[in-house]
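S.K.: Turn this into a structure:
(one chain, ligands or ions: 1)
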Amino acid sequence: MRKRIVAGNWKMNTLLKDGMELAKAVEKLEKEKTSDALMIIAPPYTHLSRIKELIQGVKLSAQNCSSAEEGAYTGEVSPDMLKSVGVEYVILGHSERRAYYGEDNELLNRKTKLALSKGLKPIFCCGEVLEEREGGKLFDVIREQITVGLKDLSIEDMAKVVIAYEPVWAIGTGVVASPEQAQEMHKFIRGLLVELFNDEVADNMTILYGGSCKPSNAAELFANPDVDGGLIGGASLKAEDFLGIVNAY
Ligand code: PGA
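M.R.: Purely as a prediction, here's the structure:
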């Protein structure tokens with residue numbers, strides 16, 4: 001049975017005090033959830049060690065990590081540093097990292113491998129921009145992102161990876177993918193995993209949908225057989241909305 005997950009990507013939002021309040025509220029609501037989905041929050045780096053002390057049922061993720069182990073890399077945060085403050089997951093390859101910070105598939109492959117070697121579980125993001133979808137290139141783009149991004153990972157590594165499909169045109173736009181569009185791509189990704197790895201990896205892979213997911217549209221997205229949860233941006237900044245999405249199962 002694959003895990004169901006709802007992860008909140010806070011992005012560059014909340015000051016420490018507000019972030020701590022939000023984490024506390026999410027932890028409190030976690031005890032009231034009516035679904036078996038695992039709840040993960042990904043606050044900014046500066047909040048991680050303080051928030052770790054406030055949560056138990058809710059799991060902790062970073063939004064990024066360095067591709068280097070340690071040393072002269074000003075401004076970077078290593079996987080070991082994240083581990084040392086109790087971080088369990090790390091979001092890699094978010095479209096904002098790809099678009100604004102030039103993170104390409106090769107770099108993301110190095111980050112993914114390093115994170116795994118240090119005991120972090122990557123939430124590996126992929127997604128096409130609108131022109132790629134309209135130009136009929138969407139499956140080629142996702143194939144490339146996953147094939148290169150997850151290159152040389154072992155079967156054991158893959159058991160620790162979560163994939164998030166986030167069509168870029170749906171992120172922060174209020175335009176959500178239709179349940180059919182989400183299912184079509186998630187099914188494609190699972191098929192690709194059979195090709196690249198094996199049936200077991202594909203069957204067990206948690207594939208999240210991300211992009212304008214809200215309590216009002218989560219149920220129809222999650223009803224699809226290949227959609228195993230969500231990566232939530234805006235709606236994860238309100239504890240009740242975040243719980244509403246979790247309870248949409
Ligand atoms: P959104 O963001 O839910 O605000 O669209 C999703 C994401 O970027 O992970």
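
S.K.: any idea how far stretch 209-216 is from the chain center?
M.R.: 13 Å (Cα atoms, centre = their mean, to the nearest Å).

S.K.: oh, I was asking about stretch 106-124
M.R.: The answer for stretch 106-124 is 13 Å, by Cα atoms, centre = their mean.

S.K.: before we move on, what about stretch 32-52?
M.R.: Put simply, stretch 32-52 sits 12 Å off its chain's centre (Cα atoms, centre = their mean).

S.K.: Residue 203 and the ligand: what is the separation?
M.R.: 25 Å (Cβ to the nearest ligand atom, to the nearest Å). Yep, even glycine has a C-beta here, placed from its N, CA and C like the rest.

S.K.: how about the closest residue to that residue other than its chain neighbours, what does it touch?
M.R.: Of all residues not flanking residue 203 in the chain, residue 2 sits nearest, at 7.0 Å (Cβ to Cβ, 6 or more residues apart in numbering). By Cβ atoms under 8 Å, 6 or more residues apart in numbering, the contact list for residue 2 reads 203, 204, 205, 206, 228.

S.K.: what about the residue of the chain found nearest the ligand, neighbour count?
M.R.: At 2.2 Å from the ligand, residue 233 is the closest residue in the chain, using Cβ to the nearest ligand atom. Residue 233: 22 surrounding residues under other Cβ atoms under 10 Å.

S.K.: and if you look at residue 239?
M.R.: 20.

S.K.: Identify the residue nearest it in space, chain neighbours excluded?
M.R.: residue 25 (3.7 Å).
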